[in-house]
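Q: No sequence on hand, only this structure:
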């Protein structure tokens, strides 16, 4: 069995979801423009491959402490319809359809939360998801702590390895689509690495190594 793995932000979607979610929070009065500016700063560092993902996650997740998981899932469903769905790339839709028609297993592999990614997975009929996870207590309430490893860098590779083991495919036979140099550990493991509208560092690496580059 072959697999096609898809990053979410700036790959299946034209935008990254962190700032889209904070913009949504600003619109409903749950965040400030200062919160948005901080998020955009983090996104900029991520684009340059300079983000300390664990430190940022620890700070960001404190804001979720005390919220129920069901509330977050419902919130993200509402947010997706109004703020995210129209950013789905045509190239992403076509690639998912092409792999599905070929009989490949399809999965979203993202550093975002499952609550942000599941609506997209449902919209594109993608059955499997690898994401960062948030700790939830026995009441279904967020503790404000992440579940290690976060799905960034080596952590994304480790989580993808778990999915491969669970579903019975080999990463060495898989295709992986992403825009980000932070995904280099997984790109280097798969059979077909594809750089989609890559950030500057990934573009240089892709050109040097002869990897496919696509603009969705």
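A: Looks like it came in fine. Since the structure is predicted, the reported quantities are computational estimates derived from the model, not experimental observations. Numbering: from 1, shown residues only.
Q: can you give me the strands for the protein?
A: Counting by DSSP state E, the chain has these strands, from start to end: 3-6, 105-109, 128-130, 133-136, 142-147, 175-178, 192-196, 212-214.
Q: what about these, which gets the closest to residue 158?
A: When the strands of the chain are compared by C-beta to C-beta, strand 128-130 sits nearest residue 158, at 9.7 Å. From N, CA and C alone the C-beta is placed, and that goes for glycine too.
Q: Check what contacts the closest one and list those residues.
A: Strand 128-130 is contacted by residues 5, 105-110, 114, 117-118, 121, 151, 156, 159-160, 162-163, 167 when judged by C-beta atoms under 8 Å, 6 or more residues apart in numbering.
Q: Repeat the analysis, applying 10 Å as the threshold.
A: 3, 5, 8, 105-111, 114, 117-118, 120-121, 151, 156-164, 166-167, 186 (C-beta atoms under 10 Å, 6 or more residues apart in numbering).
Q: What about the residues you listed, which are in helices?
A: 114, 117-118, 120-121, 156-164, 166-167, 186 (DSSP state H).
Q: and the gap between the nearest residue to residue 105 once chain neighbours are set aside and residue 204?
A: Sequence neighbours aside, residue 3 is the residue nearest to residue 105 in space, at 4.4 Å (criterion: C-beta to C-beta, 6 or more residues apart in numbering). Plainly put, residue 3 is 27 Å away from residue 204 if you go by C-beta to C-beta, to the nearest Å.
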